[in-house]
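# model this:
(chains A and B)
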Amino acid sequence: MNGAARNTVEIEIPPRPDYVSLVRVVVAAAAELEPSLDAPRVDDLRVAVSEATTNAIQAHIRSGCTRPVQVSCRRSGRRVSVVVRDQGGGFDADALLETSPPESPVRLGRESGMGISIIRALADEFHIRSSPRGTEACLILDSP
Amino acid sequence: MSVTIRCSEQPPWTVLSVGGELDVAGAPDLRQAVVKTVAGGCRGLILDISELDFIDSFGIGAVVAALKRLRQRGGELALVCPSPRIRRVFEICDLDRIIAIHDTIAGAAGSRPAPAAAASVPVTP
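Coordinates of the predicted model:
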């Protein structure tokens, strides 16, 4: 096993909401290995990974895809990179909604759609690629 | 871990104490509990998330839904969230600007004029 493989955890989960907590546990455990992310950054990672994994599961549910969602977590020093891949129907990544002011009726009318904004706020880097074959979300967190 | 919800009365407020993980799996239980509580006549709801271990946008969405449901009926929601880690997610979404967030239930109950009398509704999510 090479060094990269030792620092990488890969899991596949059924596209079901009750598996999101498992992904959080596995990714947080990997991030807490020495040299670990700082505890507050591990908390940020749990939230960001939860959002990305939930989006992937929902994409599978919407498209009727029963294949597993793939999550890969790679540690490099005090940096953690997580890639979440789904095989759902994809979406227009350029058309992601900007967050409205919280007092606006539009915002109060929206009880969802905040996940991407939360990932962007928490991750040091966030990239998303989507096509009709699926979506790949990559998020990277560092410890200062 | 899933979500746990307990209902208690602190007249004129109804208190829903939420523990566990409020995510895509747990948020529907909170939505259901709020619908049942408001349908029973509650107009002043304190959501006590002191024992919450985790929240993401789905949990936030359930809290926003509770706020909307109450305000549409002339009621009000107060949130008890002493944990900076959980509170941070609300702040990222700017929701601390529209939802009163307190450190204790007593602080939430004493923070504003009493709402209309709350009904006693057992909650079994």
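# nearest spatial neighbour of B:F90, chain-adjacent residues omitted?
Distances taken as Cβ to Cβ, 6 or more residues apart in numbering or on different chains put B:D96 closest to B:F90, at 5.2 Å, once the chain neighbours are dropped. No exception for glycine: its C-beta is placed from N, CA and C like everyone else's.
# go on, B:R31?
With Cβ to Cβ, 6+ apart, the residue lying closest to B:R31 is B:A62, at 5.0 Å.
# kindly export the strand or helix carrying the one you found (C-alpha atoms) in PDB.
Per DSSP states H and E: B:A62 is located in helix B:57-71. Provided in PDB are the C-alpha atoms of helix B:57-71 (Å, rounded to 0.1, in the frame of the first residue of the first chain):
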ATOM      1  CA  SER B  57     -29.300  22.900   6.200                       C
ATOM      2  CA  PHE B  58     -32.100  20.400   6.500                       C
ATOM      3  CA  GLY B  59     -32.400  21.100  10.200                       C
ATOM      4  CA  ILE B  60     -32.200  24.800   9.500                       C
ATOM      5  CA  GLY B  61     -35.000  24.400   7.000                       C
ATOM      6  CA  ALA B  62     -37.200  22.700   9.600                       C
ATOM      7  CA  VAL B  63     -36.600  25.700  12.000                       C
ATOM      8  CA  VAL B  64     -37.400  28.200   9.300                       C
ATOM      9  CA  ALA B  65     -40.600  26.200   8.500                       C
ATOM     10  CA  ALA B  66     -41.600  26.400  12.200                       C
ATOM     11  CA  LEU B  67     -41.000  30.200  12.200                       C
ATOM     12  CA  LYS B  68     -43.100  30.600   9.100                       C
ATOM     13  CA  ARG B  69     -45.900  28.400  10.500                       C
ATOM     14  CA  LEU B  70     -46.100  30.400  13.700                       C
ATOM     15  CA  ARG B  71     -45.800  33.900  12.200                       C
END
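# who touches it?
The contact list for helix B:57-71 (Cβ atoms under 8 Å, 6 or more residues apart in numbering or on different chains) reads A:51, A:54, A:108-115, A:118, B:22-24, B:26-28, B:30-31, B:34-35, B:38, B:42-43, B:45, B:47, B:52, B:76-77, B:79, B:89-90, B:93, B:95, B:98-99.
# mind checking which of the residues you listed are in helices?
Those of the contacts of helix B:57-71 mapping onto helices are A:51, A:54, A:108-109, A:115, A:118, B:27-28, B:30-31, B:34-35, B:38, B:89-90, per DSSP state H.
# filter those down to the buried ones, PyMOL style.
Paste this into PyMOL to select the buried members of the ones in helices among the contacts of helix B:57-71, with burial taken from 16 or more other Cβ atoms under 10 Å in any protein chain shown:
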select buried, (chain A and resi 51+54+108+115+118) or (chain B and resi 27+30+31+34+38+89+90)
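# out of the ones in helices among the contacts of helix B:57-71, which is nearest to A:H127?
A:E51 (14.4 Å; Cβ to Cβ).
# distance of the closest one relative to chain B?
For A:E51, the distance to chain B equals 6 Å [Cβ to the nearest Cβ, to the nearest Å].
# surely that residue meets A:R120?
No: A:E51 is beyond contact range of A:R120, at 9.9 Å (criterion: Cβ atoms under 8 Å).
# show the pLDDT at B:L52.
As predicted, B:L52 sits at a pLDDT of 97.
# ok, residue 47 - how many residues close by?
All of this is about chain A. Each residue near A:V47 was counted by other Cβ atoms under 10 Å in any protein chain shown, and the total is 26.
# sorry, should have said chain B
When neighbours are counted by other Cβ under 10 Å, B:L47 registers 26.
# dump the residue contacts of it.
The contact partners of B:L47, by Cβ under 8 Å, 6+ apart, come to B:L16, B:V18, B:V63, B:A66, B:L77, B:A78, B:L79, B:V80.
# isn't the fifth one up against B:I99?
This means B:L77. Yes: here B:L77 lies in contact with B:I99, judged by Cβ under 8 Å, at a distance of 6.5 Å.
# low-confidence stretches in chain A?
A:1-6, A:93-112 (pLDDT under 70).
# where along chain A do the helices fall?
With DSSP H, the ranges of helices along chain A come out as A:3-6, A:20-31, A:39-63, A:105-109, A:115-122.
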